[in-house]
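S.K.: Based on what follows, work out the 3D shape:
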Amino acid sequence: MHIVVCVKQVPDTKIIKINPKTNTLDRRSAPAILNPYDAHAVQEAVKIKKMLGKGIISVLSMGPPQATAVIKKSIEIGADRGFLISDRAFAGADTLATSYALSKALERISKENPVDLIICGKHAIDGDTGQVGPGIARRLDIPPVTNVIEVSELNESESTVLLKRKITSGYELIQAQVPCLLTVEKEINSIEYSPMPNMIKAARYEPVIWSVNDLEDVDRTQLGLKGSPTIVGKMFTPPKPEGGKRLEGNADEQVKQLMELLSDKKELFAPQ
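M.R.: Below is the predicted model:
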């Protein structure tokens with residue numbers, strides 16, 4: 001069983017600020033971390049490997065050279081090896097171009113060791129689109145299963161996996177054919193403390209780094225800014241919600257004030 005987990009280095013959104021002049025994220029204002037949803041994806045791969053008693057876990061990321069830090073963090077959680085695709089040709093990629101580049105890297109990884117399962121976090125906390133995972137699946141022509149909260153069973157002999165996924169009205173139980181791609185929620189597991197051998201391995205580990213020239217059959221017009229049709233018109237911090245209005249006086253006076261407020265907001269109660 002060969003599992004590949006796609007991970008991303010993101011700014012810590014609890015700290016990051018928005019540049020008021022450019023209306024873009026000021027990535028220098030916050031430390032870079034492993035996308036939290038991707039950390040749970042790596043942990044789930046470790047859980048599946050333990051469940052089967054065998055397997056290989058690879059992690060794949062795209063980004064600048066310093067993105068090797070999230071691969072090392074994944075090794076610390078329990079991954080076996082890591083790959084980083086890093087090249088100026090990938091710069092400025094939106095979700096469409098990112099899924100294309102990652103799919104080409106996955107094709108090369110699979111050529112060396114066929115991939116059975118791809119796991120991604122539900123979304124990245126800096127973009128929040130949830131598009132890259134399904135985009136990869138579409139390009140590799142494998143089924144995607146999104147919002148997974150439990151991997152119940154993996155049958156190697158029948159090449160199937162039994163999954164529980166969250167939907168608006170409840171849950172779905174799905175049996176998918178392997179190979180397939182999963183995007184996982186945080187609630188799928190809890191991140192375990194890393195054992196000391198993993199921490200030592202991560203500190204010493206050097207990921208495999210590929211440039212665009214190391215990938216095969218790449219259409220460069222689909223990479224980076226050239227391959228990105230998405231345009232972000234504006235980004236801004238939403239205004240803080242106004243506090244509630246306090247009604248003063250006796251009961252009669254408060255009722256009168258309440259009726260006046262409701263009258264002022266009567267458009268909210270109009271039938272749509």
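S.K.: who's in contact with residue 137?
M.R.: Counting by C-beta atoms under 8 Å, 6 or more residues apart in numbering, residue 137 touches 118, 143-144, 180-181. Backbone N, C-alpha and C define where each C-beta goes, glycine included.
S.K.: Can you read off the pLDDT for it?
M.R.: With respect to pLDDT, residue 137 scores 97.
S.K.: What helix or strand is it located in?
M.R.: helix 132-140 (DSSP states H and E).
S.K.: Next, the buried residues of that helix.
M.R.: 132-137, 139-140 (16 or more other C-beta atoms under 10 Å).
S.K.: Could you pick out the buried ones from the contacts of residue 137?
M.R.: Looks like those have 118, 144, 180-181 buried, using 16+ other C-beta under 10 Å.
S.K.: Just confirm residue 179 contacts residue 136, I think it does.
M.R.: No. Between residue 179 and residue 136 there is no contact under C-beta atoms under 8 Å: 11.5 Å.
S.K.: Please enumerate the shared neighbours of these two.
M.R.: Joint contacts of residue 179 and residue 136 (C-beta under 8 Å, 6+ apart) are residue 118.
S.K.: What segments of the stretch 51-200 of the chain are helices?
M.R.: In the stretch 51-200 of the chain, the helices defined using DSSP state H, counting those that start in this stretch lie at 68-77, 95-112, 132-140, 196-204.
S.K.: Pull out the buried residues from the longest strand anywhere in the chain.
M.R.: Determined from DSSP state E, the single longest strand within the chain is strand 144-155. Neighbour-count burial for strand 144-155, counted by 16+ other C-beta under 10 Å, picks out 144-151, 154.
S.K.: ok, these vs residue 224, which is closest?
M.R.: residue 144 (23.9 Å; C-beta to C-beta).
S.K.: what bridges to that closest one?
M.R.: Here residue 144 sits in beta bridges with residue 181, as judged by DSSP bridges.
S.K.: re the thing from before, just the helices of the stretch 51-200 of the chain: most buried one?
M.R.: Stretch with highest mean neighbour count among the helices of the stretch 51-200 of the chain: helix 68-77 (a mean of 23; mean count of other C-beta atoms under 10 Å).
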